[in-house]
Each structure stands twice: as C-alpha cells, then as structure tokens.
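*Asks:* Kindly return the folded structure for what I paste below:
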Amino acid sequence: MMRPLRIRSIGARLALWYAAAATATLACLFVVGYFLLQGYLIHGLDLLNQSEFEQIRARLGKDYRSLTPAVIDRRIRDTTNYASVLFYIDIHRPHHGTIFFSQNLEGQSIPDRKGERRYEIRWGQFGLLRVGEFLLPPYDVIVATPATQVDGVMEGYASVCAALLALMLGMSVAIGYGLSQLALRPVRLIRETANRIGSDNLGERIPVPATKDEIADLVTLLNAMFDRLESSFTNVRRFAADASHELKTPLSLARLHAEKLLATDTLSADSEEEVAALLEELSRMTSTIDELLFLSRAEARSITFALAPHEPAAVLASFTADALVLAEHRGLRFAATHSGEGLAVCEPRWLRRVLLNLMSNAVNASPPGGRILLTSQIDRERWRVSIEDEGAGVPPAQRAHIFDRFVRLRPSPGADGEGTGLGLAICRGIIELHRGRIHVEDGTGGRGLRAVFEIPAVPAAPAPA
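*Replies:* I've put the predicted structure just below:
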C-alpha cells in the first residue's frame, strides 16, 4: 500500500494550495463557459431554422391551405434547392403523410420526436442534425441543419481550455511559491533567531515586525517566552551555585571533624567503625550532590565542552586497560575491537567517564565468568561504540526509563549494588552535549544488554606524502 505524499515545507504547501485553488477556479469558469458557448451556438442554429421556416411560410402565401401538393412543391422548390447545403426540409400532414421533401433528403423523412419542438438527432449519413418542428396548420414543417460544426467548435474550445489550464497550473505554482517565500520571510527570521538563542546568549530576541499582524503577535509571544526561559535558566544556575556552596561546605566540615576524631586515637573500636561508616556516607552524599549539580547544569546547557577531533584508538587506549582490571577483579572476560577510519569529535575526559559508567553497569550485571565486549566503529560521519554484557538484560518496557534519574539496574548476585542511580543519566547528558545519542538494546542472540552511543565524526586527515 502506497503511503500518501507528505510535503514538510509550508511554502511548498501554500504554493500548491494556491495553484490548486487558482486552477480549480479557472477550470470551473471554463466548464461554465463551455455550456454557455454550446447553448449559444445551438440557439444560433435554432434561429437559422426559424428563419428558414419564415421564408417557407412567406413563399407559400396566405392561401396555402387551398394549395395542392404540386403547387406547394412548385412554390418552395427553388427556395429549398438554394438552401439545400444548409437545411433539410420535410413538410407533412398528420395522418396523410409527407407532401414535400427537400432534394438533399433523397426521399427520406426526418425522424420526428413526439412532444419535442427542438432537438438533436444523429441520423445515418446526414450526421448530427439540429431539428426544429414548426406548426403551419394543417401541416407540420420540419427544418434541420447540420450541427457537426458545433461539435468541432466545442472540441477546439476544450483543447484550448486544457492548454490554458496546464499553463495556469505551472504559472500559479511559480507565483504561489514566490508569494509564499515572501509571506514566510518573517517566519524564517524567527526560526533563524530561535536557533541562535542558547544557554550562552539567552539575552538575544527576535526583531518584532513593524506590521501589526499575526506574525508580530507571534514574535511578541515568543520573546515573552524567551524572557521566562532566561529567568528560569538564571534561577537554575543560581541554585546550582548556591547548592554547590551551601551543601558541600557543611559536608566538608563534617568530614573534617570525623577524620579528626579518627586521628585522635581516643575512640573505641566500635566508635571507629561508626565514624568510618559516617565518612563513607558523607563521601557518597558529596558524590551524589556533584552528580546532581552536573545533571542540572547539563540539562540547562550551561556546560560547554572543548570538542575537537581525536583518534578513537587513543581515546579507548587508557580505558581498555582500566576495563581489563575491572573485569579481572570480578572474574570476567573483556574484549575490545575497533574498525574504520576517521576522527571522533569529542572531549576524551568526559567520554572516559561515559565508558567507565557503562563498563561498571556491565560488570555489575554480568554473571561469574561472563564476557563483556566493547565494539567501536567509525566512518566519515559518526563514531559508534557499544558495550555488551551477558547478564539478565532489561525488559523492553523498562528501557524507556533506564536513563532517568535514580533508576537502578538489577545487579547480578554478588555485585556491588550501592549505586546512586545517576550514572546512566549522566551518560545521556554527556553524550547529548557531544550532539550524539545513547540507547540500549538486546545483546547478541537476545541475551544480555547492549549499551550504544553515537557521536559525530569527521574524515581523517590524509597522511603526509
């Protein structure tokens, strides 16, 4: 089944709508003109038949009732022979038969339609005729004239109309497109300005057109919305700064006091364990605050990365060494492959954090003796990296929320399940700041889980000769 064509450009749609409306209007006028012209031509034939009948009646004279058929034939024969090229004439008397044929009828009677005075017939060798029946009591006079020329005129009219409609369609598309581009120029200006407005230039606004129309109202509303967004972003940044100072400072002081207590050697063994546990929780809380602050700043686009082309192999080199240590510590196997040529547009320090988070999740999800596989592929447009484990996987219904905050994956038996649930959310924030995307899918053969991210790449520079 073919899908309907969808035109995404408003300008193209407006041009097509204008062309369709203009062409349809012209087509309706041509149709009305067709019937009007046809009626006018047929009425002209009726007037010709009427004129011929009046001439016959004048030639017969006022005493036509007393005339014999021979006298009638003699009086109008010259007239009918003169007009035989244009008219066919049949005079008959009801219930007595025909008393006169024009010579061009060759002795045949013109077919009569009961109850109709003017009609068209297509009659054998004579073709299409326009017939008029006139009463001259006690006679009926039937006058017919060829109507073939009317068909010829109407066919020519239809051909001219079809050519004009095709020309109208092409011209209206061009004119409609030009008008739509002119009408949508303020909308394009709005789009370009809105695309430029980001977290680093929230103060820029869209110029309001001088015309007081719907576009000007829309621009005013958008500028008001940008004002509210700028205020919201400012509040978020202020909150991030305040939270960083107001929360981390007391935590640091609490940590210093706890470490000072441990250094005095005056605590019992049980108290030292409690203080050590307190220090561990303070460290976890500080880490959680740092991660939340990072997520807030990433979602507000207040973080900018120094993105530059880098060799994927160099980015992966230091990570694979750490990944091997993590895997061997848990009794797992780790393998990494890389293929393709190109340069990844990234900041290696932040990508390393993404890779470590994904690796940590894979280690926690893998069963003892399981295998973790890292696959890297790069081409001229993107760098694709996947980390696959052999764990229990994640049901498809839960994958839509796997990158939300505080969502924890189910660890394998014996794994460390003390995560904050922010690792994957941080991974998504970092990848989006790289103008990429990240998702999860089934592993090979439907077993385990594969985490995949893609970021832009550029072709590798040619080697010097």
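
*Asks:* C-alpha from now on. contacts and neighbour counts both.
*Replies:* Fine.

*Asks:* okay, and for the protein, where does confidence drop off?
*Replies:* 1-8, 198-201, 236-237, 239-246, 248, 295-296, 299-302, 406, 408-420, 461-465 (pLDDT under 70).

*Asks:* Got the domain ranges for it?
*Replies:* 10-153, 230-299, 308-458 (automatic domain parsing).

*Asks:* Give the residue farthest from the middle of this protein.
*Replies:* In the chain, counting by C-alpha atoms, centre = their mean, Ser66 sits farthest out from the average C-alpha position, at 85.4 Å.

*Asks:* got the contact list for that one?
*Replies:* Neighbour list for Ser66: empty [criterion: C-alpha atoms under 8 Å, 6 or more residues apart in numbering].

*Asks:* let's go with 10 Å and repeat that
*Replies:* By C-alpha atoms under 10 Å, 6 or more residues apart in numbering, the contact list for Ser66 reads Ile72.

*Asks:* ditto for Arg450
*Replies:* 358, 362, 372-374, 386-390, 393-394, 439-444.

*Asks:* repeat that with 7 Å
*Replies:* Arg450 sits next to Ser386, Ile387, Glu388, Asp389, Val440, Glu441, Asp442, Gly443 when contact means C-alpha atoms under 7 Å, 6 or more residues apart in numbering.

*Asks:* So what's the residue count around the nearest residue to it once chain neighbours are set aside?
*Replies:* Closest residue in space to Arg450, ignoring its immediate chain neighbours: Glu388 at 4.2 Å, by C-alpha to C-alpha, 6 or more residues apart in numbering. Using other C-alpha atoms under 10 Å, Glu388 has 26 other residues around it.

*Asks:* isn't Glu388 right up against Ile372?
*Replies:* Yes - when contacts are counted by C-alpha atoms under 7 Å, Glu388 is listed as touching Ile372 (5.6 Å).

*Asks:* Which of the three states applies to Ala336?
*Replies:* Secondary structure, DSSP: H, G, I helix; E, B strand; the rest coil: Ala336 is strand.

*Asks:* Give me the neighbour count for Ser84.
*Replies:* Close neighbours of Ser84, defined as other C-alpha under 10 Å, add up to 16.

*Asks:* ok, now the one 4 residues further on?
*Replies:* A count of neighbours around Tyr88, defined by other C-alpha under 10 Å, yields 25.

*Asks:* go on, Val219?
*Replies:* Burial measure for Val219: 19 neighbouring residues, criterion other C-alpha under 10 Å.

*Asks:* which residues touch the nearest residue to it once chain neighbours are set aside?
*Replies:* If the residues on either side of it in the chain are set aside, Val219 comes closest to Val208, at 5.9 Å by C-alpha to C-alpha, 6+ apart. Applying C-alpha under 7 Å, 6+ apart, we find Val208 in contact with Ala216, Val219, Thr220.

*Asks:* Which stretches in the stretch 351-465 of the chain count as strands?
*Replies:* Counting by DSSP state E, counting those that start in this stretch, the stretch 351-465 of the chain has strands at residues 371-378, 382-388, 437-442, 449-458.

*Asks:* could you dump the shortest one to PDB, C-alpha only?
*Replies:* Output for strand 437-442, consisting of C-alpha atoms alone and laid out as PDB, is shown next (Å, rounded to 0.1, in the frame of the first residue of the first chain):
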ATOM      1  CA  ARG A 437      22.600   9.900  21.200                       C
ATOM      2  CA  ILE A 438      22.600   6.900  23.500                       C
ATOM      3  CA  HIS A 439      20.300   3.900  23.900                       C
ATOM      4  CA  VAL A 440      20.200   0.300  25.000                       C
ATOM      5  CA  GLU A 441      19.100  -2.800  23.100                       C
ATOM      6  CA  ASP A 442      19.200  -6.600  23.300                       C
END
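
*Asks:* which neighbours does that strand have in its sheet, and in what orientation?
*Replies:* With DSSP bridges as the test, strand 437-442 is paired with strand 449-458 (antiparallel).

*Asks:* Buried residues, the partner strand. List them.
*Replies:* Buried residues in strand 449-458, defined by neighbour count with 16 or more other C-alpha atoms under 10 Å: Leu449, Arg450, Ala451, Val452, Phe453, Glu454, Ile455, Pro456, Ala457, Val458.

*Asks:* Ok, stretch 128-142 next?
*Replies:* When burial is assessed from 16+ other C-alpha under 10 Å, stretch 128-142 yields the following buried residues: Leu128, Leu129, Arg130, Val131, Gly132, Glu133, Phe134, Tyr139, Asp140, Val141, Ile142.

*Asks:* In strands, which of these fall?
*Replies:* Within those, residues falling in strands by DSSP state E are Leu128, Leu129, Arg130, Val131, Gly132, Glu133, Phe134, Tyr139, Asp140, Val141, Ile142.

*Asks:* Between those, which sits nearest Glu54?
*Replies:* Of all those, Glu54 sits closest to Phe134, with 9.7 Å by C-alpha to C-alpha.

*Asks:* Quick check: the closest one touching Arg118?
*Replies:* No - the criterion here is C-alpha under 7 Å, and Phe134 misses it with Arg118 at 9.2 Å.

*Asks:* returning to that earlier point: out of the ones in strands among the buried residues of stretch 128-142, name the two that are farthest from one another.
*Replies:* Leu128 and Tyr139 (24.8 Å).

*Asks:* Contacts only, for the residue nearest to Gly340 when sequence neighbours are not counted.
*Replies:* Spatial nearest neighbour of Gly340, chain neighbours left out: Ile378 (4.9 Å); criterion: C-alpha to C-alpha, 6+ apart. For Ile378, the contact set (C-alpha under 7 Å, 6+ apart) comprises Ser339, Gly340, Glu341, Gly342, Arg384.

*Asks:* List the beta-bridge partners for Ile378.
*Replies:* On the basis of DSSP bridges, Ile378 is bridged to Trp383.

*Asks:* From Glu347, how far out is it?
*Replies:* As for Ile378, its distance to Glu347 is 16 Å (criterion: C-alpha to C-alpha, to the nearest Å).

*Asks:* With Val275 instead?
*Replies:* Using C-alpha to C-alpha, Val275 is found at 39 Å from Glu347.

*Asks:* Over to Arg447?
*Replies:* 32 Å.

*Asks:* in this protein, which spans are strands?
*Replies:* Using DSSP E, the strands of the chain run over 88-93, 97-101, 118-123, 127-136, 139-146, 308-310, 333-339, 343-346, 371-378, 382-388, 437-442, 449-458.

*Asks:* contact partners of the second one?
*Replies:* The list of residues contacting strand 97-101 from outside it, by C-alpha under 7 Å, 6+ apart, reads Pro69, Asp73, Ile89, Asp90, Ile91, His92, Gly107.

*Asks:* can you do 6 Å?
*Replies:* Here strand 97-101 makes contact (C-alpha atoms under 6 Å, 6 or more residues apart in numbering) with Pro69, Asp90, Ile91, His92.

*Asks:* tell me which of the residues you listed is nearest to Ile402?
*Replies:* Nearest to Ile402, judged by C-alpha to C-alpha, of the contacts of strand 97-101 is Asp90 at 96.2 Å.

*Asks:* Nothing else from me, thank you.
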